[in-house]
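S.K.: any chance you could fold what I've pasted below:
(one chain, ligands or ions: 1)
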Amino acid sequence: MGNRKVGSRAKPRVEFIPPNQRSDFEGGYGGGETTGATKSMGGGRGGQKRGRTQRRHFRQSRENVWKYGNKKTRAEEELAAADSSSRVDRNPSWEPFATQNEQGIVPKEEWEEFNSLLRKPLPAAFRINASGQFFEDIRLQLENDFMKSLDEEISNEYEIEAIRPLPWYPNRLAWHLNFSRMQLRKNQTLERFHEFLKQENEVGTITRQEAVSMVPPLFLDVCPDHYILDMCAAPGSKTFQLLEIIHQSVKPGLLPNGLVIANDVDVQRCNLLIHQTKRMCSANLIVTNHEAQYFPSCLSVMDSPREANERRWYSTKGSRYLEEMVRNAGMGNGLHRLQVEIAMRGVSLLKLGGRMVYSTCSLNPVENEAVVSEILKRSKGSVELLDVSSELPELVRRPGLMSWKVRDKGVWLAAYEDVSMSRKGVIFPSMFPCDLSCKENDSQFDNLEDTSGFESSRDEEHYSFNPKKHPVDVEGSEKEDGCRDEKGDFNETKAKISSFPLERCMRILPHDQNSGAFFIAVLQKVSSGVDDSTKGILSGNRNYRGSMSSNEEDKQMVRPSMDVSQDGSIAADETGCKLEDEMTTEVGIEKTNATLQKKGKWRGIDPVVLFRDESMIESIRSFYGISDSFPMDGHLVSRSSDANHVKRIYYISKSVHDVLQLNFKVGQKLRIASLGLKVFERQTSKDVSATCPFRLSSEGLPLLLPYISKQILCATLVDFRHLLQYRTIKFPISSTATSATKLRHSCPDAA
Ligand SMILES: C[S@@+](CC[C@H](N)C(=O)[O-])C[C@H]1O[C@@H](n2cnc3c(N)ncnc32)[C@H](O)[C@@H]1O
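M.R.: Next up is the predicted model:
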């Protein structure tokens with residue numbers, strides 16, 4: 001497919017240039033995340049409204065050019081109309097592309113191409129879920145049916161290659177379309193294919209995701225037994241991909257040893273995340289709701305060998321669209337500090353030998369290389385920036401920048417010394433390339449911690465200008481704290497060259513392979529950092545009590561405001577310590593849940609309760625004939641503290657169970673929005689004279705089916721149609737005696 005040629009004659013390339021959003025494929029990418037970022041940054045980038053308005057202006061003022069020689073076919077006009085239908089009023093005064101390329105993010109000779117590609121819609125892309133039972137069928141259907149018809153109907157008509165596999169995606173399971181999402185939606189020729197994509201996406205066999213957004217998880221080098229943390233995860237496309245990978249090589253009915261914890265600060269976006277990941281039907285998932293920079297230190301402490309190469313990863317927000325970044329490079333500055341804090345939290349949670357992937361969909365070096373540089377600087381050699389140039393060789397990418405300038409208030413700043421006094425509260429030294437040969441950095445990693453210019457994330461003061469940090473002399477001029485050249489003069493125009501090997505970072509430019517833009521850096525923890533606040537807990541020390549009480553730092557990392565009741569009746573850490581004794585027993589856990597519920601710790605979030613009603617479990621087991629080889633003890637949880645009114649029961653993997661146990665023991669620091677896989681639901685139909693109050697949930701069926709021996713109906717096609725049509729059917733339902741007999745045999749409890 002990769003080399004498919006369309007038609008025999010040389011044809012001009014059709015260029016789709018309608019005013020579509022290049023980033024529209026990530027589903028609600030902008031709104032919520034801006035809320036999260038704005039909240040966390042104290043309004044650093046001017047609020048949510050401004051961003052949206054700017055995006056709208058950008059879209060509205062984009063040219064709608066539909067080029068294909070001089071003629072347009074009817075279908076082309078349809079496609080063009082579909083893409084321009086949302087454009088109502090233009091804003092002619094707005095100039096979308098400032099032709100500044102000061103950062104050198106794009107080589108001069110490529111600027112035109114880069115610029116013109118930004119005006120074209122982002123091509124849609126999708127991936128087959130390789131962990132799905134029917135993935136080969138889907139692939140066949142795609143290759144034998146749709147690709148052929150797309151070739152006939154679209155490629156010949158439009159004279160373009162309609163669809164091709166992404167050459168760098170493992171096993172060629174991902175495809176790139178030559179249509180935007182909007183075009184897919186509006187074009188009649190594509191209707192059947194669009195329906196197919198939608199339906200398969202809904203059931204989780206296919207995931208629609210922007211092509212380059214699929215790249216970061218691949219560099220995490222994930223195995224089924226890895227523990228993975230996705231720190232800024234909503235809407236969850238990468239989380240889903242990670243789940244696919246950990247489930248991929250595991251047989252149906254079995255669970256991988258690892259897990260994914262998907263976190264997002266925004267509650268509503270957490271719901272999106274839950275909805276998105278539900279399609280994966282995974283028992284190895286926990287969704288949490290924390291500010292990632294304060295993510296609690298209660299991840300796994302298991303000291304089994306597989307943890308030696310445990311990997312966790314982090315994807316940060318890229319909360320602006322590429323186009324805006326080009327227009328206003330200063331916008332990313334407000335995110336820099338938060339990005340460093342989140343990344344540093346990621347580093348401290350990372351196990352020795354673990355990999356962390358830092359990625360953004362921005363091309364602004366302040367959000368990218370500057371963040372990576374600060375991580376390397378602060379971690380004092382305990383983290384290495386990996387050279388992954390031999391991985392995914394077919395992916396076209398460019399090296400990270402070694403030198404850059406910072407844009408502020410319309411001015412390009414080459415070095416921190418150029419920052420005016422009044423701007424030192426918002427522009428930090430860490431935003432500039434770090435030259436370790438500078439006098440102040442003589443001792444390589446000594447005293448590097450404070451060079452960022454902003455205080456630790458635990459200090460609220462860092463949000464405002466701190467005169468102690470930026471002293472002013474009597475004349476009002478700023479005290480010198482930057483690097484000087486040999487003569488002792490500040491170099492005001494030339495940006496420094498970084499001392500870190502930032503060329504190992506990866507930049508993906510849109511015109512490299514007609515995709516969105518991405519920045520990716522792969523880091524590895526090579527030794528325990530001296531400032532590892534989670535030491536003791538993450539290093540496999542099972543003495544939680546010891547580390548809890550002795551590790552003040554760790555307590556501070558979990559912001560009390562996250563877990564405390566609104567009325568402030570009890571502090572989170574206090575709660576954790578007080579209840580610790582009780583929590584070591586199951587009864588204690590139940591009691592604790594009730595107490596915390598009353599005190600408001602879980603306001604807005606349901607408690608996680610281990611489901612231990614033995615007689616109920618036994619009755620479920622015997623009703624469905626669930627084999628003893630399917631472990632239930634310790635794997636079932638509910639979200640209700642009232643054991644008699646449990647409505648849903650979730651199945652959790654052993655890895656999730658272990659994390660939960662630890663979480664219980666450290667005072668329930670995790671705000672768990674969702675976990676595991678729903679397997680049983682309380683019967684609601686009054687009609688049912690079932691002996692078991694719980695029915696199987698459809699999500700849980702793929703996991704349970706290999707272990708069930710009763711309540712299985714082998715229906716004929718006629719029966720099945722009948723069942724679908726009438727939904728509830730009284731026995732005998734069968735039109736044939738044979739299947740009625742089979743049914744009674746397999747459902748002995750049925751009336
Ligand atoms: C670009 S989206 C992430 C996309 C996601 N990785 C994916 O592939 O689907 C950025 C997300 O970061 C979240 N976010 C922003 N600030 C955060 C913070 N301090 N802690 C955790 N999440 C945060 C936003 O709510 C938003 O959902």
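S.K.: residue ranges with poor pLDDT in the chain?
M.R.: 1-102, 155-159, 298-331, 438-493, 529-603, 685-690, 728-751 (pLDDT under 70).
S.K.: mind giving me the domain split of it?
M.R.: Using automatic domain parsing, the domain parsing of the chain gives 1-95+123-209, 717-746.
S.K.: could you identify the helix or strand that succeeds the helix ranked longest in the chain?
M.R.: The single longest helix within the chain, with elements called by DSSP state H, is helix 333-349. Where DSSP states H and E defines the elements, the next helix or strand beyond helix 333-349 is strand 355-360.
S.K.: look up the closest residue to residue 333, ignoring the ones flanking it.
M.R.: residue 366 (5.4 Å; C-beta to C-beta, 6 or more residues apart in numbering). For glycine as for every other residue, the C-beta is placed from the backbone atoms N, C-alpha and C.
S.K.: picking up where we left off before, which helices and strands does the longest helix of the chain pack with?
M.R.: With contacts defined as 3 or more C-beta pairs under 8 Å, 6 or more residues apart in numbering; DSSP states H and E, the packing partners of helix 333-349 are helix 31-41, strand 355-360, helix 369-378, strand 406-408.
S.K.: re earlier: mind checking how far the residue nearest to residue 333 is from residue 339?
M.R.: Residue 366 sits 9 Å away from residue 339, going by C-beta to C-beta, to the nearest Å.
S.K.: do the same with residue 258
M.R.: Where residue 339 is concerned, residue 258 sits at a distance of 26 Å (C-beta to C-beta).
S.K.: more crowded one of those two?
M.R.: Between residue 258 and residue 339, counted using other C-beta atoms under 10 Å, the more crowded position is residue 339 (30 against 26).
S.K.: which residues touch the closest residue in space to the more buried one that isn't next to it in sequence?
M.R.: With C-beta to C-beta, 6+ apart as the criterion, residue 339 has its nearest non-adjacent residue at 4.7 Å, and that residue is residue 371. Counting by C-beta atoms under 8 Å, 6 or more residues apart in numbering, residue 371 makes contact with 316, 336, 339, 340, 343, 358.
S.K.: go ahead and confirm residue 223 touches residue 258.
M.R.: Yes: Residue 223 is in contact with residue 258 according to C-beta atoms under 8 Å; the separation is 7.1 Å.
S.K.: hey, what's in contact with both of those two?
M.R.: Common contact partners of residue 223 and residue 258 (C-beta under 8 Å, 6+ apart): residue 246.
S.K.: measure residue 109 to residue 281 for me?
M.R.: As it turns out, when the distance is counted by C-beta to C-beta, residue 109 lies 49 Å from residue 281.
S.K.: same question, residue 619
M.R.: Between residue 619 and residue 281 the distance is 24 Å, computed by C-beta to C-beta.
S.K.: quick one, which of these two is more surrounded?
M.R.: Each of residue 619 and residue 281 has its neighbours counted (other C-beta under 10 Å); residue 281 has more, 23 against 15.
S.K.: how about the more buried one, phi and psi?
M.R.: Backbone geometry at residue 281, expressed as degrees, to the nearest 10, gives phi 50, psi 60.
S.K.: what is the burial count for the closest residue to the ligand within the stretch 601-750 of the chain?
M.R.: In the stretch 601-750 of the chain, the residue found nearest to the ligand is residue 671; the distance is 11.7 Å by C-beta to the nearest ligand atom. Residues within reach of residue 671, counting by other C-beta under 10 Å, total 19.
S.K.: do residue 195 as well
M.R.: Once other C-beta under 10 Å is used to define contacts, residue 195 is seen to have 10 neighbours.
S.K.: what about it, which SS state?
M.R.: Taken by DSSP: H, G, I helix; E, B strand; the rest coil, the conformation at residue 195 corresponds to helix.
S.K.: ok, it to the ligand distance?
M.R.: 24 Å (C-beta to the nearest ligand atom, to the nearest Å).
S.K.: now do the contacts for that residue.
M.R.: So residue 195 contacts nothing (C-beta under 8 Å, 6+ apart).
S.K.: what segments of the stretch 251-400 of the chain are helices?
M.R.: 267-278, 322-327, 333-349, 369-378 (DSSP state H, counting those that start in this stretch).
S.K.: mind putting these in CSV, distance to residue 505 included?
M.R.: As requested, those are arranged in CSV below (distance: least, C-beta to C-beta, whole Å):
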stretch, distance to residue 505
helix 267-278, 27
helix 322-327, 16
helix 333-349, 13
helix 369-378, 6
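S.K.: who in the stretch 151-300 of the chain is up against the ligand?
M.R.: The stretch 151-300 of the chain has residues 213, 231-238, 263-266, 269, 291-293 near the ligand, with proximity defined as C-beta under 6 Å from any ligand atom.
S.K.: if we go to 8 Å?
M.R.: If contact is defined as C-beta under 8 Å from any ligand atom, the residues of the stretch 151-300 of the chain in contact with the ligand are 209, 213, 216, 230-239, 263-266, 269, 272-273, 276, 290-293.
S.K.: and those, which are buried?
M.R.: By neighbour count, with 16 or more other C-beta atoms under 10 Å, these hold 209, 213, 216, 230-239, 263-266, 269, 272-273, 276, 290-293 as buried.
S.K.: count the neighbours of residue 698 for me.
M.R.: The local packing count at residue 698 equals 10, with neighbours defined by other C-beta under 10 Å.
S.K.: please report the distance of it from residue 619.
M.R.: 21 Å.
S.K.: kindly report the same for residue 421.
M.R.: Relative to residue 619, residue 421 is positioned 73 Å away (criterion: C-beta to C-beta).
S.K.: right, I'll leave it there.
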